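S.K.: Structure of the sequence below:
(one chain, ligands or ions: 1)
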Amino acid sequence: TPQATLYQRLGGQTVVETFVSRTIDRSSTDERTKRSFDGIKLAPIKASIVQQICSISGGGCKYEGETMAKSHADAKIQPREFDALVDILREEMDRAGVDAGAKNDLLKLLAPMKRDIVHAAR
Ligand code: HEM
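M.R.: As a prediction, this is how the structure comes out:
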């Protein structure tokens, strides 16, 4: 029998949509992260992040959005802002009932994106 994909272990589409939606809603109002979301429409980012997570976790989607470097460049995101958003994501995966192993496996796939998302001072 084939192994479950990470996407399946995360709970599939409904669960991924739930924790992504709540993460972005909270990030757009949390004092630590909200400034970057000022004037940004949340529904399209949510859909894009769901597609990206589905793609990298073996859910069979094709991510069609921008690169992480390009989509975050204008916001000049600081390391503490990145870390705060990931903390919110971790809390929302817990709240959505995601298994600890699956949660950590997804966080491991997202962690290397930090270097593209965080603004490099030059
Ligand atoms: C691992 C962490 C993160 C991932 C996986 C991620 C993923 C994404 C994705 C897939 C998009 C949509 C790109 C597109 O559709 O072309 C996006 C856009 C965006 N992200 Fe992130 N992101 C992360 C961290 C952050 C952080 C830390 C912030 C701010 C605190 C942030 C703020 C934004 C904003 C404001 C947009 C919309 C940009 C625009 O439309 O102009 N993201 N992100």
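S.K.: Mind telling me which residue is nearest the centre of this structure?
M.R.: residue 49 (5.8 Å; Cα atoms, centre = their mean).
S.K.: where exactly do the helices run in the chain?
M.R.: Taking DSSP state H as the test, the helices found in the chain are 6-10, 12-27, 42-56, 68-72, 79-95, 100-110, 114-117.
S.K.: Which of those helices sits closest to residue 35?
M.R.: helix 79-95 (8.1 Å; Cβ to Cβ). Any C-beta I mention is one placed from the backbone N, CA and C, and that applies to glycine too.
S.K.: and residue 23, how many residues sit next to it?
M.R.: 25 (other Cβ atoms under 10 Å).
S.K.: can you pull the contacts of it?
M.R.: 85, 88, 89, 92 (Cβ atoms under 8 Å, 6 or more residues apart in numbering).
S.K.: and of the residues you listed, the nearest to residue 21?
M.R.: Using Cβ to Cβ, those come closest to residue 21 at residue 92, 8.7 Å.
S.K.: Is that closest one in contact with residue 26, as I believe?
M.R.: Yes: counting by Cβ atoms under 8 Å, residue 92 does reach residue 26; the two are 7.2 Å apart.
S.K.: who has more neighbours, those two?
M.R.: residue 92 (20 against 17).
S.K.: Which ones among the contacts of residue 23 also lie next to the ligand?
M.R.: residue 85 (Cβ under 6 Å from any ligand atom).
S.K.: Show me what from this structure comes close to the ligand.
M.R.: 33, 36-37, 40, 45, 48-49, 52, 65-66, 71-72, 75, 77, 81-82, 85, 110, 113, 117.
S.K.: Apply 8 Å and report the result again.
M.R.: Where the chain comes near the ligand, counting by Cβ under 8 Å from any ligand atom, the residues are 27, 32-33, 35-37, 40-41, 44-45, 48-49, 51-53, 63-68, 70-72, 74-75, 77, 81-82, 84-86, 89, 110-111, 113-114, 117-118.
S.K.: what about burial for the residues you listed, which qualify?
M.R.: The neighbour count (16 or more other Cβ atoms under 10 Å) marks 27, 33, 36-37, 45, 48-49, 51-53, 68, 72, 77, 81-82, 84-86, 89, 110, 113, 117-118 as buried among the residues of the chain next to the ligand.
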